[in-house]
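Visitor: just to be clear, the model below is a prediction. Sequence and coordinates:
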Amino acid sequence: TAGVSSFLPRISMFAKRSNLIIALSLISLSQCGVPYREFDPFTLASPNACSSPSTDPAWLASLRITLAASGLSEQLITDNSSLNYYAEDWGHYIHRQPLAAFMANNTSNIATLVRAACASRLSAHPFQILPRGGSGNTGGNTQTRCGAPQVILDMGAMNKVTVNADDKEAWVEAGASWLQFVQATYSQSLRPTVIPDYLSITVGGIISVGGLGGDSARYGPITNQILAAEIVTADGDIKTVTHGDPHFAAMRGGMAQFGIFTNVKFVLMDNFPHTRIFHILIGHFSQVSIASKKLLSLMVDMNGVDGVQCFGVQNVRNSIADAVAPETQLERVNTSVNAILALPQKYAYFVEITSRGTQNSLPSISFISNHLRGLIDPQLVFSQDQVTADWDNRLKLYTVPKLIKLGAWQIPHPWGALYFEASPESESSFDAYIQALDPLTGAGFGLVAIYPLPTLPFLRGEPSSVVVPQNGTYFWHHTLGRTSVVSGTYDAQAEANRAIWEALNGVGRTTIYPIGVIPDIGPSDWSKHFTSTGFQLFTKTKVLLDPQFVFADTRNFGFN
């Protein structure tokens, strides 16, 4: 991500931070506008597109009257040109224009809208609400259904961040982007304990799906970093919730089904100015698995390691040079690199390790190699230093602008995202499936993100709606990031996501990270995700906390 987390290839990630690279980045940003937007209002023809009717339906006319009585009529958006903006998300795959959107300026605005929706559910003209953050998903989950009586709730104006440096805590309004959040904490030499890979998504959006980042290997999902939250319930009440409250448990990872986060209290930790990034090139996924689990088992003692992530990369030299290490570094270890390239497989893999600290405190390549002695080729460990703020924001600063400049970012990419258990059967099935795929790197994409995660940090603290495999000490998160410039392949890519979902379910516990595309997803899929008993509990919680179904079901749980 998604959430997304979202996981994009590191274009020229390990290039030297020379004037040339900086100039290219500024050119990209200039051509896209400053700040650039990840997507523009939808204008292209698409079989998935829909638009608004020329006249108001009865429910919308009624809503206008209600909002006018509260002095909020100007915050209701109904013109086609403005609504086009909401017919888009990260995936550029689904395009459904809503009939209306509401721009909230504060929690009271949201409560007024929710009370109107709740009352309408018992009237002849009911409507529902769909909160929208940065739309960091690829499957239309923050878009309304075509022609449906649903209002997009846009919270972008609610972006205040209040940092309490003494207590290492921060209150963050749900419409704030992660970039706004981290920049406010950097000024106090602090940072959130887990930061997503992409900082343009919003705080409220990511905690509704769980949220992952490099530090999740140590601290778990972003939802576990929350101390308290201000919310609006399904009947329009404003309340502050914390551990022990049913809303606090259900809403974290609850996919916007039980209430609306408006302000969230996070725990913070010390930040350091420099980050060292290690890449370890590895041929086989079985070796990646062993090395990753070794790193995770040592993280408590290896204070110099903050994050562990893995990627599959097309097993050709230029792709490895783009994603793993620049050609100048590869040339120095040609024999080892060529041994990887000679393997009869479409993908090779690399482990990415990040360490933050002062310039003199960062670990060395030998430190990493010694801890993984016998598990990796020490010749294939590469390192690069970056300013921490730049590394945290790497996708927005470098990757996406370059993809926009190349014309690649606008191409539909219906990515998939799953968790699967770290059993030999699941890992073998995953590797076989990935090796059978066409890499589809013509548009600049092609990396497969595979994050090793320990189970324990995901189980600590208050229960939530986040569901991950719990059968072993470790499990994996994967995002299948592929696309193609060839028209007509996009649905086939979405079907590939379903195929791997079914395949992994056949060999081990597998759950959904709900930012991707699984075609025709429905209650039977969610029953597999939650387990049958868990899905019954999720459904009962919906009825308990949102009995009028005020909050729209866009993921086909069967609630509408």
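Guide: Good, I have the coordinates. Residues are numbered from 1 along each chain as shown.
Visitor: ok, residue 518 to residue 494 distance?
Guide: From residue 518 across to residue 494, the span is 8 Å (C-beta to C-beta, to the nearest Å). The way it works is simple: take the backbone N, C-alpha and C, and place the C-beta from them, glycine included.
Visitor: identify the contacts common to these two.
Guide: Residues touching both residue 518 and residue 494 (C-beta atoms under 8 Å, 6 or more residues apart in numbering) are residue 416.
Visitor: for residue 248, which non-adjacent residue is closest in space?
Guide: Distance criterion C-beta to C-beta, 6 or more residues apart in numbering; nearest residue to residue 248, sequence neighbours excluded, is residue 241 at 4.2 Å.
Visitor: only the buried residues of the strand or helix carrying the one you found, if you could.
Guide: In the assignment (DSSP states H and E), residue 241 maps to strand 238-242. In terms of neighbour count (16 or more other C-beta atoms under 10 Å), strand 238-242 has its buried residues at 238, 241.
Visitor: may I have the helix or strand just after it as PDB, with CA atoms only?
Guide: Downstream of strand 238-242, the next assigned helix or strand under DSSP H and E is helix 246-251. What follows is helix 246-251, C-alpha atoms only, in PDB (Å, rounded to 0.1, in the frame of the first residue of the first chain):
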ATOM      1  CA  PRO A 246     -15.400  -1.700  21.600                       C
ATOM      2  CA  HIS A 247     -15.000   1.100  19.100                       C
ATOM      3  CA  PHE A 248     -11.300   1.300  19.700                       C
ATOM      4  CA  ALA A 249     -10.900  -2.500  19.000                       C
ATOM      5  CA  ALA A 250     -13.200  -2.700  16.000                       C
ATOM      6  CA  MET A 251     -12.300   0.500  14.200                       C
END
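Visitor: mean confidence for helix 246-251?
Guide: Averaging pLDDT along helix 246-251 gives 97.
Visitor: so how far is residue 243 from the nearest residue to residue 62 once chain neighbours are set aside?
Guide: Closest residue to residue 62 apart from its sequence neighbours, by C-beta to C-beta, 6+ apart: residue 125 at 4.9 Å. Using C-beta to C-beta, residue 125 is found at 39 Å from residue 243.
Visitor: and for residue 143?
Guide: 33 Å.
Visitor: neighbour-wise, which of those two wins?
Guide: residue 143 (27 against 12; other C-beta atoms under 10 Å).
Visitor: so the closest residue to the more buried one other than its chain neighbours bridges to which residues?
Guide: Distances taken as C-beta to C-beta, 6+ apart put residue 96 closest to residue 143, at 4.4 Å, once the chain neighbours are dropped. Per DSSP bridges, the residues bridged to residue 96 are residue 50.
Visitor: from memory residue 96 sits against residue 142, does it?
Guide: No. Between residue 96 and residue 142 there is no contact under C-beta atoms under 8 Å: 10.1 Å.
Visitor: between the two, which one's more packed in?
Guide: residue 142 (26 against 23).
Visitor: apart from its neighbours in sequence, what residue is nearest that one?
Guide: Per C-beta to C-beta, 6+ apart, closest to residue 142 is residue 132, 4.5 Å.
Visitor: for the one you found, phi and psi?
Guide: phi -140, psi 130 (degrees, to the nearest 10).
Visitor: what's downstream of the longest helix belonging to the chain, the next helix or strand?
Guide: Using DSSP state H, we find that the single longest helix of the chain is helix 490-505. Using DSSP H and E, the helix or strand that follows helix 490-505 in sequence is strand 510-512.
Visitor: which residues sit against that following strand?
Guide: Contacts of strand 510-512 (C-beta under 8 Å, 6+ apart): 417-421, 426, 467-469, 501, 504, 518, 525-526, 528-529.
Visitor: what about the residue nearest to residue 143, distance to residue 426?
Guide: Residue 96 is 34 Å from residue 426, by C-beta to C-beta.
Visitor: quote the end-to-end distance of stretch 205-219.
Guide: 19 Å (C-alpha to C-alpha, to the nearest Å).
Visitor: what average pLDDT does it get?
Guide: 93.
Visitor: ditto for stretch 109-122
Guide: 97.
Visitor: same question, stretch 298-311
Guide: On average, stretch 298-311 scores 82.
Visitor: ok, now stretch 373-389?
Guide: pLDDT averaged over stretch 373-389 gives 96.
Visitor: show residues contacting that stretch.
Guide: By C-beta under 8 Å, 6+ apart, the list of residues contacting stretch 373-389 reads 13-14, 17, 182-183, 186, 271-282, 287, 290-291, 294, 324-325, 329, 333, 335-337, 340, 356, 359, 362, 364-365, 368-369, 394.
Visitor: before we move on, what about stretch 274-281?
Guide: Identification of contacts with stretch 274-281 by C-beta under 8 Å, 6+ apart yields 13-14, 291, 320, 324-325, 336-337, 340, 348-359, 362-363, 365, 368, 372, 376-377, 380-388, 391-392.
Visitor: if we go to 7 Å?
Guide: Applying C-beta atoms under 7 Å, 6 or more residues apart in numbering, the contact partners of stretch 274-281 are 291, 320, 324-325, 340, 348, 350-359, 362-363, 365, 368, 376, 380-388, 391.
Visitor: which ones among the residues you listed lie within strands?
Guide: 348, 350-357, 381-387 (DSSP state E).
Visitor: list the contacts of the longest helix of the chain.
Guide: The contact list for helix 490-505, computed with C-beta under 7 Å, 6+ apart, reads 93, 412, 414, 416, 418, 420, 426, 429-430, 433, 437, 480, 482, 510, 516-519, 528.
Visitor: are any of those buried, and which?
Guide: If we count by 16+ other C-beta under 10 Å, the contacts of helix 490-505 have these buried: 93, 412, 414, 416, 418, 420, 426, 429-430, 437, 480, 482, 510, 516-518, 528.
Visitor: now intersect the residues you listed with the strands, please.
Guide: The members of the buried ones among the contacts of helix 490-505 that map onto strands under DSSP E are 416, 418, 420, 480, 510.
Visitor: relative to residue 476, how far out is the third one?
Guide: With the distance defined as C-beta to C-beta, residue 420 ends up 5 Å from residue 476.
Visitor: pull up the overlap in contacts between those two.
Guide: Contacts common to residue 420 and residue 476, judged by C-beta under 7 Å, 6+ apart, are absent.
Visitor: list the contacts of residue 430.
Guide: Applying C-beta under 7 Å, 6+ apart, the residues contacting residue 430 are 420, 504.
Visitor: mind checking how far it is from residue 59?
Guide: Noted for residue 430: a distance of 45 Å to residue 59, by C-beta to C-beta.
Visitor: likewise residue 317?
Guide: Applying C-beta to C-beta to residue 317 and residue 59 gives a distance of 58 Å.
Visitor: so which of the two has more stuff around it?
Guide: More neighbours surround residue 59 than the other of residue 317 and residue 59, with 21 against 14 (other C-beta under 10 Å).
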